[in-house]
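Novice: sharing a model prediction with you, sequence too.
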Amino acid sequence: MKKKLISFGLGEAIAKGLNILLILILPFFADIEDFALITLLIAAEQFLLSVTLMGNNTVAIRFFSKFKSKQGVFHRTILLGSVRRASLVTIATLLIILSFLNVDGGRDSYLLIALSMPLLVYIEVEVAIYRAKGILKRYILTRVLYSALRFLLTLTFVMTYSGPASYALSVITAAFIVWLCLLYFEPSYGATKRPKKLDYLLARYSVPLGLQAVIAVTYTIVDRFMLDQFLDKSAVAIYSFSSTLAMAMFFFASVVVTALLPGVYENSIDIEKSLLKLKKLIFQIIILFVPSSIITIIVFILYTDFISPQYASGLMCLLVINFSLYVHLGYLYSFYKLNLFKSIKFVPVVGGIALAFNVLLNLKLIPSYGIEGAAISTLLSELLSFLFLYVASIQMHKNRVRKNVS
């Protein structure tokens, strides 16, 4: 079991690693304005994908085992439902883009991103089903194939075609190729009748999870669009580059979490023992964070000598976001602790409050302090989220101790 979990983590690590590497390599080949537009396209892609998926990939993993006798029905229901929703969101997005969006040189690119949504949703749900089934090779192959194709096609198109459309073309092309592969290899389940009870179950659990995912994604990308509105494209490019490099150290931590977190939850009876394991896990990540922080700063200083000198002005931004990741570790500790107590219903509310707080801070700080203001907004929002969950986790722990004593 642990070997499978580590392998799943490896697949995610390769895919996410390629995504981070793409952002770090692009400044070599794209001018600063094109790079800014590409990072905004990536942000738009993440937002639309979270809206169109609406938690169905998580629901697929969570409930697939409960429908072992009706795997075909479950698979077809969640897949077609997700693609249908993606198609509706795509149509609505296309209408909005054509009617209201006025982006210099970017409208066609946003259209391509919107058109790729049904394909991307299909891929995400299939990958989730593979993980639920434990089909390790196909899961890793699909996840890595799409990321690798998008990575290679983006670099190829940027060097030959240039412009932000190079990324949008790579997304829809890579998604189409992987979709064709899935259609060829995935068995057909036929026109099986879908029970209404299953539709209700999926809607009941996917919508809350989906809203939480949308809030989380919006929280991570809203600063880029606000920088674009208040400042200029170069500010977006510098901030995106600096924050991505800072987040690279968290990428390594996420691999550790994927591999070791299941061990924290394997003993649902002895909570104190699980809490001890959780503390050890967070301590291991902190030990990993310290050298990673130093390496990212050194890499930033050396790296910006080879690309546009404008990127060097993002050093302070990188340092602030680096520090915010340590605060985020406290948030994760509190979240996993609450998860052990099975008390996470209010977490989306905290996410919504943090998002609103982040937007208000950006409105105040970006016009005055530029990209550093956006980084400070992120730090303070992370601190607010951490304090909310930390206090809640302490209170839940005290309540549990009192209950056990009585």
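Specialist: Sure, I can see it.
Novice: from here on, contacts and neighbour counts on C-alpha atoms
Specialist: OK.
Novice: any idea how far residue 326 is from residue 282?
Specialist: Counting by Cα to Cα, to the nearest Å, the gap from residue 326 to residue 282 is 10 Å.
Novice: ok, residue 181 next?
Specialist: Applying Cα to Cα to residue 181 and residue 282 gives a distance of 39 Å.
Novice: and those two? Which one has more around it.
Specialist: The neighbour count for residue 181 versus residue 282, taken as other Cα atoms under 10 Å, is higher for residue 282 (19 against 12).
Novice: pLDDT at the spatially most central residue of the chain, what is it?
Specialist: Of all residues in the chain, the one closest to the mean position by Cα atoms, centre = their mean is residue 217, 6.3 Å from it. Per-residue confidence (pLDDT) for residue 217: 85.
Novice: for it, what is the enclosing helix or strand?
Specialist: helix 196-230 (DSSP states H and E).
Novice: for the residue lying closest to residue 310 once chain neighbours are set aside, give me its contacts.
Specialist: Leaving aside its chain neighbours, residue 310 sits nearest to residue 238 (7.3 Å; criterion: Cα to Cα, 6 or more residues apart in numbering). By Cα atoms under 8 Å, 6 or more residues apart in numbering, residue 238 lies in contact with 310-311, 313-314.
Novice: top of those residues by neighbour count?
Specialist: Counting neighbours by other Cα under 10 Å, residue 311 comes out on top of the contacts of residue 238 with 23 neighbours.
Novice: next, the contact list for residue 231, please.
Specialist: Applying Cα under 8 Å, 6+ apart, the residues contacting residue 231 are 367, 370.
Novice: at 7 Å instead, please
Specialist: In this structure, residue 231 makes contact with no residue, judged by Cα atoms under 7 Å, 6 or more residues apart in numbering.
Novice: give me the distance from stretch 355-364 to the chain's centre.
Specialist: Mean-position distance between stretch 355-364 and its chain equals 20 Å (Cα atoms, centre = their mean, to the nearest Å).
Novice: for residue 222, see how far away residue 39 is.
Specialist: 12 Å.
Novice: which stretches in this structure count as helices?
Specialist: With helices called from DSSP state H, the chain shows them at 2-29, 32-53, 56-63, 71-99, 107-115, 117-133, 136-160, 165-185, 196-230, 233-265, 271-303, 315-340, 347-369, 371-405.
Novice: other SSEs contacting the second one?
Specialist: Think helix 32-53. helix 71-99, helix 117-133, helix 196-230, helix 233-265 (3 or more Cα pairs under 7 Å, 6 or more residues apart in numbering; DSSP states H and E).
Novice: weakest of the ones you listed by average pLDDT?
Specialist: helix 71-99 (a mean of 71).
Novice: could I get the average pLDDT for stretch 179-187?
Specialist: Regarding stretch 179-187, the rounded mean pLDDT is 80.
Novice: any idea how far the residue nearest to residue 310 lies from residue 244?
Specialist: 10 Å.
Novice: same thing with residue 314?
Specialist: Applying Cα to Cα, the value for residue 314 to residue 244 is 11 Å.
Novice: ok, residue 310 next?
Specialist: Separation of residue 310 from residue 244 (Cα to Cα) stands at 16 Å.
Novice: residue 170 too?
Specialist: 20 Å.
Novice: between these two, which is the more surrounded one?
Specialist: residue 170 (23 against 20).
Novice: quick one, what contacts the residue nearest to the centre of the chain?
Specialist: Contact analysis of residue 217 by Cα under 7 Å, 6+ apart lists 46-47.
Novice: please renumber so the chain begins at 22
Specialist: Sure thing, new numbering starts at 22, so read that last one as residue 238.
Novice: how close does the closest residue to residue 176 other than its chain neighbours sit to residue 323?
Specialist: What sits nearest to residue 176 in space, not counting adjacent residues and going by Cα to Cα, 6+ apart, is residue 47, at 7.4 Å. According to Cα to Cα, residue 47 stands 16 Å off from residue 323.
Novice: so these two - more neighbours on which side?
Specialist: Of the pair residue 47 and residue 323, residue 47 is the one with more neighbours under other Cα under 10 Å, namely 21 against 12.
Novice: distance of the more buried one from residue 53?
Specialist: Distance, residue 47 to residue 53, by Cα to Cα: 9 Å.
Novice: so how far is stretch 243-263 off the chain centroid?
Specialist: In terms of Cα atoms, centre = their mean, the centre of stretch 243-263 is set 19 Å apart from its chain centre.
Novice: pull the CA atoms of that stretch into PDB?
Specialist: Taking C-alpha atoms only, stretch 243-263 is exported to PDB below (Å, rounded to 0.1, in the frame of the first residue of the first chain):
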ATOM      1  CA  VAL A 243      -6.200  36.700  -7.800                       C
ATOM      2  CA  ASP A 244      -3.100  38.700  -7.000                       C
ATOM      3  CA  ARG A 245      -1.800  38.300 -10.600                       C
ATOM      4  CA  PHE A 246      -4.900  39.700 -12.200                       C
ATOM      5  CA  MET A 247      -4.900  42.600  -9.700                       C
ATOM      6  CA  LEU A 248      -1.300  43.400 -10.500                       C
ATOM      7  CA  ASP A 249      -2.300  43.500 -14.100                       C
ATOM      8  CA  GLN A 250      -5.100  45.900 -13.400                       C
ATOM      9  CA  PHE A 251      -3.200  48.300 -11.000                       C
ATOM     10  CA  LEU A 252       0.300  48.100 -12.500                       C
ATOM     11  CA  ASP A 253       1.500  46.600 -15.800                       C
ATOM     12  CA  LYS A 254       2.500  43.300 -17.500                       C
ATOM     13  CA  SER A 255       6.100  43.500 -16.300                       C
ATOM     14  CA  ALA A 256       4.900  43.500 -12.700                       C
ATOM     15  CA  VAL A 257       2.800  40.400 -13.400                       C
ATOM     16  CA  ALA A 258       5.800  38.700 -15.000                       C
ATOM     17  CA  ILE A 259       8.300  39.500 -12.200                       C
ATOM     18  CA  TYR A 260       5.800  38.500  -9.400                       C
ATOM     19  CA  SER A 261       4.900  35.200 -11.200                       C
ATOM     20  CA  PHE A 262       8.500  34.300 -11.700                       C
ATOM     21  CA  SER A 263       9.500  35.100  -8.100                       C
END
